[in-house]
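**Q** give me a 3D structure for the following:
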Amino acid sequence: MRLNENTMLLGKRVVLVPYTSEHVPRYHEWMQSEELQRLTASEPLTLEQEYGMQRSWREDTDKCTFIVLDAEKWRAGPSPSEESCMTGDVNLFLTDLEDPTLGEIEVMIAGVTKLGLTTFEAKIGQGNEPSIRMFQKLHFEQVAVSSVFQEVTLRLTMTEPERQWLLEKTSYVEEKPYRDELAEPH
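**A** Next up, the predicted model:
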């Protein structure tokens, strides 16, 4: 998404960077895992399709995608590649045209202040207990179950106490410009 294409978030344990073509080979390698496909309800893609998906997501106005880097590895010298520090990804989908304050999230991030979101939803496969427990620890509540898609929907509504809790938990996160030399052509 254009909104986060030049944004890097630095935390204590992780660094979030925009999903670029540099990350595609490692991401593609991960997504060959049948377990990851099952847990994320994903279909296997060819490497060429994965590059196409990355380009499309970068251009979309309704998605924010970050790659999660291991901060300790990333900060260690000399200049490790981002690909070697990758540990996951974070996605935020802004797909409800009737409610621009609603964002579907796959992993909790501090997106409250920049995007003006007041509600986060996570749709998780019914069998993905570790993800369900993680979101429940982050104050998400179950609001729906779909037997057709075999998923549960968890929601976090950002009341003022929830917003303050989230801001306190993420107060150490720094937002910085993403490295210009990695910026991709528009």
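**Q** CA atoms for contacts and neighbours, from now on please.
**A** Fine.
**Q** show me the helices in the protein, by range?
**A** 24-30, 34-40, 47-59, 71-75, 82-85, 112-115, 129-137, 160-169 (DSSP state H).
**Q** so for the third one, what's the average pLDDT?
**A** I take that to be helix 47-59. For helix 47-59, the mean per-residue pLDDT is 93.
**Q** what of the fifth one?
**A** Across helix 82-85, pLDDT averages out at 89.
**Q** buried sites along that helix?
**A** For helix 82-85, a neighbour-count test (16 or more other Cα atoms under 10 Å) marks 82-83, 85 as buried.
**Q** one more: the longest one?
**A** When neighbours are counted by 16+ other Cα under 10 Å, the buried residues of helix 47-59 are found to be 50-51, 54-55, 57-58.
**Q** can I get those residues in TSV with distance to V68?
**A** Output for those, formatted as TSV (distance: Cα to Cα, whole Å):
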residue	distance to V68
E50	18
Y51	18
Q54	15
R55	18
W57	16
R58	16
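**Q** with respect to R155, which of the residues you listed is nearest?
**A** Distance to R155 across the buried residues of helix 47-59 (Cα to Cα) is lowest for W57, with 23.6 Å.
**Q** ok, back up a step: least confident of the helices of the chain, on average?
**A** helix 112-115 (a mean of 54).
**Q** just give me the residue closest to the centre of the chain.
**A** The residue lying closest to the centre of the chain (Cα atoms, centre = their mean) is V90, at 1.2 Å.
**Q** quick one: that residue and E104 touch, right?
**A** No: look at V90 against E104 with Cα atoms under 8 Å: they stay out of range, at 11.0 Å.
**Q** nearest to R2, of the helices of the chain?
**A** helix 47-59 (6.4 Å).
**Q** how much space between the residue of the chain most remote from its centre and C85?
**A** In the chain, the residue that sits farthest from the middle, by Cα atoms, centre = their mean, is P78; the gap is 27.0 Å. Using Cα to Cα, to the nearest Å, one gets 13 Å for the distance from P78 to C85.
**Q** surely K12 touches V173?
**A** Yes: counting by Cα under 8 Å, V173 is a contact partner of K12 at 7.4 Å.
**Q** these two: which is more packed in?
**A** Higher neighbour count among K12 and V173: V173, with 17 against 12, using other Cα atoms under 10 Å.
**Q** quick check: closest non-adjacent residue to that one.
**A** G11 (4.6 Å; Cα to Cα, 6 or more residues apart in numbering).
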